[in-house]
Each structure stands twice: as structure tokens, then as C-alpha cells.
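Undergrad: Curious how this folds, go ahead:
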Amino acid sequence: MAEGPTPEVPVRRRPGGRSSRVRAAVLDATVAIVARHGVTGLRYDEVAELAGVNKASVYRRWPQRDMLVSEALTRLADQEAPIGNTGDLRRDLAGFLVAMAASLSSPLGRAISSALHTAEGSAELRRVVQSFYDRRTSTLDQRISQAVDSGELPRVDTHLLAELFTGPVHLHVTRGVKDFTATDAERIVDVILAGIRATR
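TA: As a prediction, this is how the structure comes out:
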């Protein structure tokens, strides 16, 4: 009996192949351009040129600008480093606030803040930008929870406390009167910690 043709075995794409590299390059380029021109200044041809890919590849994967920006910011938020835990709560909190102020003051930080208020009616983009900020606050929330569990702080609404720490930083950066310094961070931390510990 004659043998039939050997059936073709589908070739599985290896993770981390060209498609993955193209995606990473496009998302990195998107973040860079948003930092430079803001969300409203994002152009697909500039993204493609900076990423070194064909513009059609960008359109095919992200047919709408909001989809592209949303994925880029989500990926960026996922790469954010968590707050450290050196065993010194005051130092950890102050260091986090200084780093947060630097991030907010950067071109990208200002572009993201602008996107939150000028998302041109895009509920999805507003959701992702807000999620970016929420993820950053959640890392502070976790460090405060650790301090509560270890007895460094009394039982407290950790999310509310995280907002109390970050609120003055947002206000300071928005005003733009002067740079936010380590001294500013330490003053905020000392006042809030003193108030919380006085509730024991």
C-alpha cells in the first residue's frame, strides 16, 4: 500500500521571537514620543520610524491610538520598581516620595498627567492612565501594610495613608515653584507618621 504524503506539522513560534521584539520596540517608542509630544502629538509614522518597523505593522497591531498608548503605559507601570524595605520606614517612605516627584516632574510624567485630563473623551485611556498612578500608589500601600504587620504602625487604612503621603507630592510638582527635595519628603513623612503614631 502506497504511503500518502507526510502531514505537515505546524511550527510553533518561540516566545521572545521577532513579534515580541517588534512589540517591545513599538511600545518603547510610544512612551518616548508621548514624553516628547504628549498623547495628542503621537503620530504612527514617528512611532514606526523610532521603533525601526513598518508603519503598517503598528496599525495592524494597534488600529487605534488609544489602544497603543494604553498598552504602552500598562507595560511601563508593570516595570515600575516597588518601594524598598530597608527596615527603616522613614527612609523608605522619604526615598519613595523623592523618586515619585522626579518621575512626575519628568517629561514623561507630565505627559501622562496631561493625558489624564486631555484624553479626548477616551474612557479607556483615562482608565489606563489612572491605573498607572494606582499601581504606583499600591506599592506604597504594600510597604505601609508591612509596617502595620510588624508593629511599626498602628492599624490604619493603608490606602488612605498612601494617599496622604502622595497627595502633597502631586501638589508640589503641579505648582512647580521649586524642586522637591529630600528635606521636603522627610518633613511630609515626619508629620504624617507623628500623627498616625499619636493614635495608638
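Undergrad: so residue 145 touches residue 159, yeah?
TA: No - under the criterion of CB atoms under 8 Å, residue 145 is not in contact with residue 159, lying 9.6 Å apart. Bear in mind the C-beta positions are built from the backbone N, C-alpha and C, glycine included.
Undergrad: Just the buried residues of the helix or strand bottoming out on mean pLDDT in the chain, please?
TA: Sorting the helices and strands of the chain by mean pLDDT, DSSP states H and E puts helix 107-117 at the bottom, at a mean of 76. Buried residues in helix 107-117, counted by 16 or more other CB atoms under 10 Å: 108-113, 115.
Undergrad: Count the neighbours of residue 153 for me.
TA: 20 (other CB atoms under 10 Å).
Undergrad: So for it, what's the nearest residue that isn't a sequence neighbour?
TA: residue 147 (4.5 Å; CB to CB, 6 or more residues apart in numbering).
Undergrad: And that neighbour, which helix or strand is it part of?
TA: In this structure, residue 147 sits in helix 123-149 according to DSSP states H and E.
Undergrad: excluding its backbone neighbours, what's nearest residue 186?
TA: With CB to CB, 6+ apart as the criterion, residue 186 has its nearest non-adjacent residue at 4.9 Å, and that residue is residue 94.
Undergrad: Residues touching the strand or helix carrying the one you found, excluding its own?
TA: Using DSSP H and E, residue 94 falls within helix 89-105. Under the criterion CB atoms under 8 Å, 6 or more residues apart in numbering, residues 83-86, 109-110, 113, 136, 139-140, 143, 147, 152-153, 165-166, 169-170, 172-173, 179-182, 184-186, 188-190, 193 lie in contact with helix 89-105.
Undergrad: Any regions of this structure where pLDDT drops low?
TA: Scanning the chain for pLDDT under 70 picks out 1-16, 78-82, 117-121, 200.
Undergrad: redo that, cut-off 80
TA: Filtered on pLDDT under 80, the chain yields the residue ranges 1-18, 39-40, 74, 76-82, 110-132, 135-136, 177, 200.
Undergrad: separation between residue 172 and residue 99?
TA: Per CB to CB, to the nearest Å, residue 172 is found 14 Å from residue 99.
Undergrad: These two: who's more crowded?
TA: Higher neighbour count among residue 172 and residue 99: residue 172, with 21 against 17, using other CB under 10 Å.
Undergrad: That one - nearest residue in space that isn't next to it in sequence?
TA: Nearest one to residue 172, counting by CB to CB, 6+ apart, is residue 180 at 5.1 Å.
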